[in-house]
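1. Following is a predicted model, sequence given first.
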Amino acid sequence: MRRALRAIRGLFIVAVIAAIGAVIYMATVWNPGMPELLVARVNRIATAHGGYTPLDKIPNFLQRAVIATEDRSFYQNDGIDFEGIARALVVDAIHMKPVQGASTITEQLVKDIFLTDNKTIQRKLKQIALAVMISKSMSKNEVLSLYLNEVYLGNGAYGVGQAAELYFGRNISQLSPAQCALLAGLPQAPSAYDPLIHLAMAKQRQWEVLESMVSAHDLSQAAAAAIAKAPLYLE
């Protein structure tokens with residue numbers, strides 16, 4: 001029985017890998033103007049929530065915090081994380097269904113704009129194809145800028161610009177490192193880490209972000225500890 005189960009799991013992994021390979025190949029040869037549509041939709045979201053914030057107006061600390069937390073290989077990957085996919089495949093094979101995510105910032109962006117949250121193999125393959133397509137068509141800074149302007153950060157706030165005004169009552173360019181680290185932790189679970197309601201959870205998540213930055217060699221342990229103690233000045 002166990003041998004048969006292992007064989008089925010092995011076939012499951014092989015089938016998914018083959019499907020991913022086919023999807024990636026299709027994404028390299030098929031480009032129906034998706035980047036332009038992506039930009040238009042993000043601009044529409046940003047306009048409805050206070051306007052688009054250019055990347056050069058977003059603190060570099062916030063950009064690095066998001067990358068360290070959400071997608072450490074962002075500037076090196078092709079829109080997808082093969083190691084993450086491999087880990088997710090093992091977990092999915094054990095459960096014989098999609099369980100664990102392996103999303104890069106590019107994948108999160110295309111999911112937010114074009115897809116649903118349904119955890120199915122079909123949705124994941126579409127997400128991979130779109131991420132590869134976008135990665136080949138747009139620069140990393142363009143992708144990061146779009147993501148930071150559409151990501152949901154709780155309490156009706158879409159994008160870091162509106163979130164800065166909502167939580168701290170100040171322009172995004174004026175945020176302190178402590179405030180940036182708090183915002184960078186919100187995408188995973190905006191309601192659970194809502195600093196206006198669950199401040200202790202939000203502070204714990206802020207520390208996880210800072211630890212991610214330390215692991216990514218973006219920050220020293222001493223600097224992380226100092227930032228974690230700094231006041232947030234929530235609205």
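-> Structure received.
2. So which residue is dead centre in the chain?
-> Nearest to the geometric centre of the chain sits I105, at 3.9 Å (CA atoms, centre = their mean).
3. Contact partners for it?
-> V66, I67, E70, D71, F74, V143, L144, Y147 (CB atoms under 8 Å, 6 or more residues apart in numbering). (Each C-beta comes from the backbone N, C-alpha and C, glycine too.)
4. Who wins on neighbours among those?
-> V66 (27 neighbours; other CB atoms under 10 Å).
5. What distance do you get for Q63 to M201?
-> Separation of Q63 from M201 (CB to CB, to the nearest Å): 24 Å.
6. roughly how far apart are the nearest residue in space to R123 that is not next to it in sequence and A129?
-> With sequence-adjacent residues excluded and distances taken as CB to CB, 6 or more residues apart in numbering, R123 is closest to L115, at 5.7 Å. The spacing between L115 and A129, counted by CB to CB, is 11 Å.
7. what residue ranges in this protein score low on pLDDT?
-> 1-32, 82-102 (pLDDT under 70).
8. L115 and A129: who's more crowded?
-> A129 (23 against 15).
9. Give me the next element, helix or strand, following the host helix or strand of the more buried one.
-> Assessed by DSSP states H and E, A129 sits inside helix 121-137. Counting by DSSP H and E, the next helix or strand C-terminal to helix 121-137 is helix 140-150.
10. downstream neighbour of that following helix in the secondary structure list?
-> The element immediately downstream of helix 140-150 (helix or strand, assigned by DSSP H and E) is helix 160-168.
11. Just the buried positions in that next one, please.
-> The neighbour-count check on helix 160-168 (16 or more other CB atoms under 10 Å) flags V160, G161, Q162, A163, A164, E165, L166, Y167, F168 as buried.
12. quick one, that helix and helix 140-150 angle?
-> With axes from the mean of the first three to the mean of the last three CA atoms, to 10 degrees as the basis, helix 160-168 and helix 140-150 are set at 40 degrees to each other.
13. ok, which stretches of this structure are helices?
-> 2-29, 34-48, 60-70, 82-95, 105-114, 121-137, 140-150, 160-168, 177-184, 199-215, 221-229 (DSSP state H).
14. Among these, which comes closest to S191?
-> S191 lies closest to helix 199-215 among the helices of the chain, at 10.0 Å (CB to CB).
15. re earlier: who touches the nearest residue to the residue nearest to the centre of the chain once chain neighbours are set aside in this structure?
-> Closest residue in space to I105, ignoring its immediate chain neighbours: D71 at 4.2 Å, by CB to CB, 6+ apart. Neighbouring residues of D71 by CB under 8 Å, 6+ apart: N77, D81, S103, T104, I105, T106, Q108.
16. now V160
-> Taking CB under 8 Å, 6+ apart, one finds T53, I58, L62, L148, N149, V151, L153, I172, L183 in contact with V160.
17. 10 Å instead, please
-> The neighbourhood of V160, defined by CB atoms under 10 Å, 6 or more residues apart in numbering, consists of 53, 57-59, 62-63, 66, 147-151, 153, 172, 175, 180, 183-184, 186-187.
18. again, but for E150
-> So E150 contacts 38, 41-46, 49, 52, 108-109, 112-113, 158-160 (CB under 10 Å, 6+ apart).
19. buried subset of these?
-> Here, 16+ other CB under 10 Å leaves 38, 42, 45-46, 49, 52, 108-109, 112-113, 158-160 buried among these.
20. Mind checking which of Q63 and M201 has more residues around it?
-> Applying other CB under 10 Å to Q63 and M201 shows that Q63 carries more neighbours, namely 19 against 16.
21. Find the nearest non-adjacent residue to the more buried one, please.
-> That would be L144: by CB to CB, 6+ apart, it lies 6.5 Å from Q63.
22. No further queries at this time; thank you.
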